[in-house]
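# sequence? don't have it. structure:
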Ligand code: IDP
Ligand code: MG
């Protein structure tokens, strides 16, 4: 195991439902929150952040969703943080996420799934740098 950094975004659906504080509590229990800010993503920011998905059919709707309201962005640090945070988040489809996961408890469906999390060590570093200075 190694000390890793992963990027979390509390998405517009969760912020609108006023559960960002409850989600933050779960994150703080397991990770060191090294940076955090609330912002409203511009279309340019959302398009650049999700550029890897730009050929996917859900991409236009994803950009609309991610720019529909404010988000909370957090850099999380911990041992094995990428995998451990993916487990804490749950499956992409909130309706199929395991009991006790953030997406099961606060998400709605495949798109409105409450949180983002990096999927690899490299993307954890890249996505953290997208939002925060070193
Ligand atoms: P992840 O967030 O679990 O890593 P990704 O495949 O990286 O899932 O997709 C990024 C985001 O795009 C998802 O969290 C979700 O909000 C949205 N998304 C992914 N697949 C679909 C889909 O099939 N329909 C609608 N939205 C989707
Ligand atoms: Mg992903």
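Yes, it's here. None of these values were measured; they are calculated from a predicted model. Numbers count the residues shown, from 1 in each chain. Ligands and ions are numbered 1, 2, ... in the order given.

# please name the nearest non-neighbouring residue to the residue nearest the centre of the chain.
Centroid-nearest residue in the chain, with Cα atoms, centre = their mean: residue 116, separated by 1.9 Å. What sits nearest to residue 116 in space, not counting adjacent residues and going by Cβ to Cβ, 6 or more residues apart in numbering, is residue 9, at 3.8 Å. Bear in mind the C-beta positions are built from the backbone N, C-alpha and C, glycine included.

# mind giving me the packing neighbours of the helix or strand harbouring the one you found?
Under the criterion of DSSP states H and E, residue 9 resides in strand 3-10. Here strand 3-10 touches helix 20-30, strand 71-79, helix 81-89, strand 115-117, helix 121-131, going by 3 or more Cβ pairs under 8 Å, 6 or more residues apart in numbering; DSSP states H and E.

# and those: which comes nearest residue 39?
strand 71-79 (6.5 Å; Cβ to Cβ).

# so that closest one, near ligand 1 or not?
No: between strand 71-79 and ligand 1, judged by Cβ under 6 Å from any ligand atom, nothing touches; the nearest distance is 11.9 Å.

# for that strand, buried residues please.
Residues 71-78 are the ones in strand 71-79 that count as buried (16 or more other Cβ atoms under 10 Å).

# one step back: quick one: contacts for the residue nearest to the centre of the chain?
7-9, 11 (Cβ atoms under 8 Å, 6 or more residues apart in numbering).

# same deal with residue 117?
6-8, 82, 85-86, 89 are the contacts of residue 117 under Cβ under 8 Å, 6+ apart.

# before we move on, the earlier item: the residue nearest to residue 116 contacts residue 75, correct?
No: applying Cβ atoms under 8 Å as the test, residue 9 and residue 75 come out as separate, 10.7 Å apart.
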